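Colleague: A predicted structure for the sequence below; I have some questions about it.
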Amino acid sequence: MTGPAAVQVWWARLGDGHAGLLALLDPVERARYDATTDAANRGRFLVGCALSRIALGELLGLPPADVPLRRVCPRCGGPHGKAELAVPPASEYADVDFSVTHSGAVVGVAVCRGAAVGLDVEEYTVGLDVDTAAPSALSDTERAALYARPAAGRQAAFLRTWTRKEAVLKALGVGLRVSPRGLVVSAPDAPPAVLGWPERLGPRPLVGLADMTVDGVHPASVALVGTGAVRVDRRDASPAVAAYGGGG
């Protein structure tokens, strides 16, 4: 793939959830929603499912409830893995990929054609223990650079680095099954780029990265595997989510 690849990134909030969105869920999603006991997690799942269906429905020209999705765990085969678009290999939409993320009150979905996509957002909270999180997340070089910064700026720097790493690992479909220490990215205040690659992932592909900030505070990153450049079409999805099923 040459030239910047376009990715739509839709952002909504936990507070956008409402009972009318339940009509958009398929039976598997509804069962998982009903089985989730924590209210906040249940709400994030509902908004994430609805937002995925709204974003994909716009691209496919389908009502959100009719968007064909499947979830298959790569380890056990159960219906709780990463959601994928369930279309035949010969379909004109077989090259569509999407990624869902949520943290705190923020929920996001990225949709792309022609490249694998990963999206991550991290809630910026005062209570993050960077000293505990950094050893398992950062390479030795990244940790040294982090601690060379003033203490007041370390949390923001760590979260920016982390969103880049997790976005790439999500785009690859491996998530945290691969240690993020082996994936080295550029400094938080430098243009986003992958500098080091985990050996266990094989040859390094083209990876495009773009950074965002949600609500002026929360760092987010989107990664595309298969292209070296990213063009982001950012959407505020809150009105769209509120419009379905009687919300708002």
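Modeller: Yep, that arrived.

Colleague: surely residue 142 and residue 161 touch.
Modeller: Yes. If you go by Cβ atoms under 8 Å, residue 142 and residue 161 touch, sitting 6.3 Å apart. For glycine as for every other residue, the C-beta is placed from the backbone atoms N, C-alpha and C.

Colleague: so what sits against both of those two?
Modeller: residue 185 (Cβ atoms under 8 Å, 6 or more residues apart in numbering).

Colleague: low-confidence ranges, this protein, go.
Modeller: 1-3, 73-81, 126, 245-248 (pLDDT under 70).

Colleague: got the domain ranges for this structure?
Modeller: 1-115+227-248, 124-205 (automatic domain parsing).

Colleague: distance to residue 216 and mean neighbour count for those domains - can I get that in TSV?
Modeller: As requested, these are arranged in TSV below (distance: least, Cβ to Cβ, whole Å; neighbours: other Cβ atoms under 10 Å):
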stretch	distance to residue 216	mean neighbour count
domain 1-115+227-248	12	18
domain 124-205	10	16
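
Colleague: now those domains as JSON lines including distance to residue 220?
Modeller: Below are the domains of the chain laid out as JSON lines (distance: least, Cβ to Cβ, whole Å):
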{"stretch": "domain 1-115+227-248", "distance to residue 220": "7"}
{"stretch": "domain 124-205", "distance to residue 220": "6"}
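
Colleague: residue 212 is nearest to which of the ones you listed?
Modeller: Residue 212 lies closest to domain 1-115+227-248 among the domains of the chain, at 6.9 Å (Cβ to Cβ).

Colleague: using the three-state scheme, assign the residue nearest the centre of the chain.
Modeller: Geometric centre of the chain, nearest residue: residue 119, 2.5 Å, by Cα atoms, centre = their mean. Secondary structure assignment for residue 119 (DSSP: H, G, I helix; E, B strand; the rest coil): strand.

Colleague: what comes into contact with the helix or strand residue 239 falls within?
Modeller: Assigned by DSSP states H and E, residue 239 belongs to helix 238-243. Outside helix 238-243, the residues that touch it by Cβ under 8 Å, 6+ apart are 10-13, 16-18, 21, 47, 50-51, 54, 247-248.
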